[in-house]
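When you get a sec, could you give me coordinates for this:
(one chain, ligands or ions: 1)
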Amino acid sequence: MIQSAEEFVALRSSEVMAEYNRSAYEKAPMQVWRDVIDKYPDCQLWVIRNKTVPLEILDTLSRSDHARIRSEIATKRKLSTELFERLAKDADVSVRRHIAINKKTPLHVLEILRQDNDADVAEAAARNIEGRKLKGGFELTYAHPGKSGAPLIFPFIGENLLINADAALPSVETLQALGDGWQAVQFGVLEGQPCEMRVWAQKTPLPEDLLIGDFRRLWGVWSAAYLAALIRARQLAAWLAQHRFCGVCGQATKMHPTEPACACPACGHKAYPRISPVCMGLILKGNKMLLARSPRFLPGVYSALAGFVEAGESAEAALRREVFEESGVRIKNIRWFGSQSWPYPHSLMLGFIADYASGELVAQEGEIEDLGWFDFDRLPALPHPASLACRMIDHVRKRQGKRRSSESAAPRRYPLE
Ligand SMILES: [Zn+2]
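Predicted structure coming up:
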């Protein structure tokens, strides 16, 4: 905790890097902040950059004569709602532009800026609003169908999603043609609306005006939030379709009232949605990465190696084994990248980056059609950009790009129909 304006100024003027970083996070009482901005105007920019500075101080500084200080304030992630509103209405154009792109600007303020006289500001605000919608929330829940407003319905026949010809979800009226024999689960909240999945039996005839949704196609059409909901609904539909009867005693199961479980009323057995972990490894060797194609991939598409985790196996051991089986290569320095739920049919992709240790490339027969070490700058066609594999490849290329400080040609992407 900084105790005086002088201490803050001393911290700021220190040339030691550790001190420099510290000054961005160091807290101070309100009076110290007031003293710094009154007595040391040269330090105002550094005050704004401090992550802990109170909103009141930002409010005060937003009236500064310096355009740079006003712009910096507008890029701050968080301001008071009143300040956002005031800046959107009164500030000069460079500040309004910052407010328009700030990810924390409230939606109602962005709506004001969408009507701005400056075309750049209006366009940036519109893009920000659109981006929020795309990112927009899908929140995972589990409940029996409730009475909380009209739900958004994801209909399935068995494991197949039903959609309209325009790829939108069908209306309740359209679904009446399928009859009453469905099971339902409320599985989440999408952009504020509760989502319900309804599953009809596998052999239910498909009404004329509905289609079976092709998932890979919807990747290019639906927003990220809708896809997140679909990924969950698809896996729950498969689970319901496969657990109509108890695996222990053969009785018909019932939905458990509070847990995501198909429960057996006779013996008490509970079957939960199945999740199958898959390890994916992007293996690096100097400025090359190991990519392979499975016979199942679209023509020309290559990706990172991947395989299911076996019972009794750790994720790291599974990765070492799969990479060796598929490519003949031993790996080292395994590091975690990230994960992704993948509904084909119920996988959880676990992404790792690792380094080549030893071995010659030998493609596993039947599993791998072709594989090779690809230069970061000369990559083949890659999977869909939203896939974990593509995100890992992009991450490695970007990091490499920074090191070389040169732009390399972007690889072709998985083609969307
Ligand atoms: Zn049973």
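
CA only for contacts and neighbour counts going forward, please
Noted.

what about the strands in the stretch 301-417 of the chain?
Secondary structure of the stretch 301-417 of the chain (DSSP state E, counting those that start in this stretch): strands located at 305-308, 330-342, 347-358, 370-375.

The first one pairs with which strands, parallel or anti?
Applying DSSP bridges, strand 305-308 is found paired with strand 276-285 (antiparallel).

ditto for the longest one
Strand 330-342 sits in its sheet next to strand 347-358 (antiparallel), going by DSSP bridges.

pLDDT on the partner strand, on average?
Strand 347-358 shows a mean pLDDT of 96.

Pull out the buried positions in stretch 108-122.
By neighbour count with 16 or more other C-alpha atoms under 10 Å, stretch 108-122 contains the buried residues 109-111, 113-114, 116, 121-122.

can I get the CA coordinates of that stretch in CSV?
The C-alpha trace of stretch 108-122 is given here as CSV (Å, rounded to 0.1, in the frame of the first residue of the first chain):
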residue,chain,number,x,y,z
HIS,A,108,-27.0,1.0,-23.7
VAL,A,109,-24.0,3.3,-24.1
LEU,A,110,-23.0,1.5,-27.3
GLU,A,111,-26.5,2.0,-28.6
ILE,A,112,-26.0,5.8,-28.0
LEU,A,113,-22.7,5.6,-29.9
ARG,A,114,-24.2,3.7,-32.7
GLN,A,115,-26.1,6.9,-33.6
ASP,A,116,-22.9,9.0,-33.4
ASN,A,117,-22.3,11.7,-36.0
ASP,A,118,-18.8,10.3,-36.6
ALA,A,119,-19.0,7.3,-38.9
ASP,A,120,-16.0,5.5,-37.4
VAL,A,121,-17.5,5.8,-33.9
ALA,A,122,-20.9,4.6,-35.1
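
What are the contacting residues of that stretch?
With contact meaning C-alpha atoms under 8 Å, 6 or more residues apart in numbering, stretch 108-122 is reached by 84-85, 88-89, 93, 96-97, 100, 123-126, 128-129.

mind redoing it with 7 Å?
84-85, 88, 96-97, 100, 123, 125-126, 129 (C-alpha atoms under 7 Å, 6 or more residues apart in numbering).

what does this protein put close to the ion?
246, 248-249, 264, 267 (C-alpha under 5 Å from the ion).

Mind checking what secondary structure Glu173 has?
Following DSSP: H, G, I helix; E, B strand; the rest coil, we place Glu173 in the helix state.

The closest residue to the ion within the stretch 51-200 of the chain - how many residues pack around it?
Closest to the ion within the stretch 51-200 of the chain is Gln183: 19.3 Å, counting by C-alpha to the ion. When neighbours are defined as other C-alpha atoms under 10 Å, Gln183 has 18 of them.

quick one on the thing from earlier: columns secondary structure on top of the contacts of stretch 108-122, output as a markdown table?
What follows is the contacts of stretch 108-122, written out as a markdown table (three-state DSSP):
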| residue | secondary structure |
| --- | --- |
| Phe84 | helix |
| Glu85 | helix |
| Ala88 | helix |
| Arg96 | helix |
| Arg97 | helix |
| Ala100 | helix |
| Glu123 | helix |
| Ala125 | helix |
| Ala126 | helix |
| Ile129 | helix |
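
sorry, back to before: just among the residues of the chain next to the ion, which is most surrounded?
Neighbour counts for these (other C-alpha under 10 Å) peak at Cys264, which has 24 neighbours.

Just the pLDDT for Ser80.
Ser80 is assigned a pLDDT of 77 by the prediction.

Now Lys51. Nearest residue, chain neighbours left out?
Nearest non-adjacent residue to Lys51, counting by C-alpha to C-alpha, 6 or more residues apart in numbering: Tyr25, 5.4 Å away.

could you check the distance from Leu388 over to the ion?
Here the distance between Leu388 and the ion works out to 38 Å (C-alpha to the ion, to the nearest Å).

Pretty sure that residue sits against Trp342.
No: between Leu388 and Trp342 there is no contact, the gap being 9.3 Å when judged by C-alpha atoms under 7 Å.

Looking at the buried residues of stretch 108-122, which are in strands?
Assigned to strands by DSSP state E, none of these qualify.

Contacts only, for Glu26.
Listed by C-alpha under 7 Å, 6+ apart, the contact partners of Glu26 are 1-2.

Secondary structure class of it, three-state.
Of the three states, Glu26 takes coil under three-state DSSP.

What does the pLDDT read for it?
Confidence score, pLDDT, at Glu26: 78.

The helix ranked longest in the chain versus strand 347-358: what angle between them?
Determined from DSSP state H, the single longest helix within the chain is helix 224-242. Put simply, helix 224-242 runs at 100 degrees to strand 347-358, going by axes from the mean of the first three to the mean of the last three C-alpha atoms, to 10 degrees.

how many other residues sit next to Ser303?
For Ser303, the number of neighbouring residues by other C-alpha under 10 Å comes to 22.

beta partners for it?
Ala292.

any idea how far the ion is from it?
42 Å.

Identify the residues contacting that residue.
291-293, 382-383, 389.

Which of those sits closest to the ion?
Distances from the ion to the contacts of Ser303, taken by C-alpha to the ion, are shortest for Ala389, at 40.1 Å.

excluding its backbone neighbours, what's nearest the closest one?
Counting by C-alpha to C-alpha, 6+ apart, the residue nearest Ala389 is Ala304, at 6.0 Å.

quick one: that neighbour from the ion, how far?
Relative to the ion, and taking C-alpha to the ion, Ala304 is found at 41 Å.

Likewise for Ser294?
Relative to the ion, Ser294 is positioned 40 Å away (C-alpha to the ion).

so what's that residue up against?
Residues in contact with Ser294, defined by C-alpha under 7 Å, 6+ apart, are 367-369.

cool, and Trp336?
351-353.

what would those residues look like in TSV with neighbour count and distance to Gly281?
Listed next are the contacts of Trp336 as TSV, based on neighbours: other C-alpha atoms under 10 Å; distance: C-alpha to C-alpha, whole Å:
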residue	neighbour count	distance to Gly281
Gly351	24	6
Phe352	24	5
Ile353	21	6
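
if we take those, which one ends up nearest to the ion?
Within those, the smallest distance to the ion is 36.8 Å, found for Gly351 (C-alpha to the ion).

Could you check how far that closest one is from Ala381?
Gly351 sits 19 Å away from Ala381 when distances are taken as C-alpha to C-alpha, to the nearest Å.
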